[in-house]
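> give me a 3D structure for the following:
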Amino acid sequence: MTRSAWLKFICVLALVYTWAMVAQASESPKLQTASTHPIQYYLSLPEGWTAGKKWPVVVIIDSADREFLQTATTFAQARQHRPFILITPLVVTNGGAGYRSVPTYHYSDAVWERIQDAGAFRFDMDGIAAIMQDVVKQYSGEDKYFITGLEAAGHTIWGIVFNHPEVLRGAAIVCSNYLGRWVDEAHISSAAERTRLPVRNFIGSKDELCSPGHPIYTQMQKAISIAEAHGYGNVSITTVEGKGHERFAEEVLAYFSSLIAPANAARLARVVRSHKSHALATAMPPKVTGPPGHACVLKIEIPKPANASNNTGTHELPDRFSDTAAATVPIDKATLPRIASKGAGPFGEPPTMGWAHTAFIAACHASGLAERLAALTSIPVTIPAAVSNTRYATPNTNIAVRHSIAAIPVCRRTSVATANAESGKSRT
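From the prediction side, this is the model:
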């Protein structure tokens, strides 16, 4: 197969893979089983998902109604352009009795026996951990996840919050139940992450089941009090006006979005600081060394400012100065050439050049005077056998001056003494 044919084949494969991923990201939630655990879950990838970046994950626990697919679909529709991978596991700790006969479960008898032997909370915790391993590995999900749920989902969520706060990025619980299930209140987690873990409780202003004095409201207040007493320092309650007893998918995802924004800003700040440190490091000139009497070439990066650095108008760097500046130093104690930003004015401002100065330089170029002056004022320089790339030094000049001097043709620089020596004459 020719090289051209191979390239076409690879391009076709890349397109097929891309179409498959986009199609999967835009489809309805799909039922899957964890690779290392029998727990099942609905998966929904965000719009524009690719494997090349990390994606935040939201685990959605349904209420005692156990309408897993309906819940997964509701959150997928509310997500819109938000970047969340949505996971809706078929947990068994979310309240209610006789759940084994609920038709929305698809577990075999062997799985139900495992749940009975291991315990419901152990099954769910191990199952969610296995799901997250798959999501991180296969779908580039982040290691920690957000968690949300309505009413009886609070049994599961508070169990995770009080036992394993270190696995969470945040929790949003809507009108939550709490009866201490799966929680040993004498041994609540002391992980350091609990002090900063955002836990927000949502209630609707029209939700009669979660109004003060109602049993669910009392349970929620108890859970909040226990959390605060054990060092959970970021627990809050939010009332949503005009809403009743519902999942609050839009409000919950908006809340989680507000939590990932500061993290992204902090990550961007770290990147900016890293770039600044790199720029400072590269701006430091190299150590100048070399044998006495040899030409030493200093290559110093010159930044390319968007605006003019002086008052003579906007300038562009000529080609021969756009990358590096070079200085020929014919002594063993080489020093850096002065730059325009040092010692020019009383406040450190760069020197400026007027139109008369520019016109004078142009006239010198046209008349050839520059070459004759250079021949009279040059000093002998011992050049190594290798080809020298040295250029005229341009100390104490600004960009405009360097631009003008750049137009001077590079010519051989020979002193009078050297010329006499080459011609056989001696100087008296």
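
> next one: phi and psi at the closest residue to residue 152 other than its chain neighbours?
Of all residues not flanking residue 152 in the chain, residue 95 sits nearest, at 3.0 Å (CB to CB, 6 or more residues apart in numbering). C-beta here means a position set from N, CA and C on the backbone, and glycine is covered the same way. Backbone torsions of residue 95, given as degrees, to the nearest 10, read phi 80, psi 180.

> surely residue 95 and residue 177 touch.
Yes. Proximity of residue 95 to residue 177 meets the contact threshold set by CB atoms under 8 Å, at 6.4 Å.

> the residue nearest to residue 152 and residue 140: what is the separation?
Per CB to CB, to the nearest Å, residue 95 is found 33 Å from residue 140.

> show me the contacts for residue 94.
Residue 94 makes contact with 61-64, 66, 149, 152-153, 155-156, according to CB atoms under 8 Å, 6 or more residues apart in numbering.

> give me that answer again for 10 Å
61-66, 68, 120, 124, 149-157, 177 (CB atoms under 10 Å, 6 or more residues apart in numbering).

> now swap in residue 78 and tell me
86, 247-254.

> try residue 134
32-37, 41, 43, 87, 141.

> will you turn the residues you listed into JSON lines that also has pLDDT?
Formatted as JSON lines, the contacts of residue 134 follow (pLDDT from 0 to 100):
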{"residue": "32", "pLDDT": "97"}
{"residue": "33", "pLDDT": "98"}
{"residue": "34", "pLDDT": "98"}
{"residue": "35", "pLDDT": "98"}
{"residue": "36", "pLDDT": "98"}
{"residue": "37", "pLDDT": "98"}
{"residue": "41", "pLDDT": "98"}
{"residue": "43", "pLDDT": "98"}
{"residue": "87", "pLDDT": "98"}
{"residue": "141", "pLDDT": "98"}
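
> in strands only, show me those.
Counting by DSSP state E, these place 32-33, 41, 43, 87, 141 in strands.

> sorry, back to before: now do the shared contacts for residue 95 and residue 177.
Contacts common to residue 95 and residue 177, judged by CB under 10 Å, 6+ apart, are 63-64, 151-156.

> hang on, the earlier thing: so which of the contacts of residue 134 is the closest to residue 55?
Nearest to residue 55 among those: residue 141, at 5.6 Å, using CB to CB.

> residues touching the closest one, list them.
Residues in contact with residue 141, defined by CB under 10 Å, 6+ apart, are 45, 54-58, 84-85, 87, 131-135.

> how does it look with 7 Å?
Shown in contact with residue 141 (CB atoms under 7 Å, 6 or more residues apart in numbering): 55, 57, 85, 135.

> what's the closest non-adjacent residue to it?
residue 135 (3.8 Å).

> helix or strand for the one you found, which one?
Per DSSP states H and E, residue 135 falls inside helix 120-139.

> same deal with residue 188?
Assigned by DSSP H and E, residue 188 belongs to no helix or strand.

> what does residue 225 give?
helix 215-229.

> separation between residue 56 and residue 136?
Residue 56 sits 12 Å away from residue 136 when distances are taken as CB to CB.
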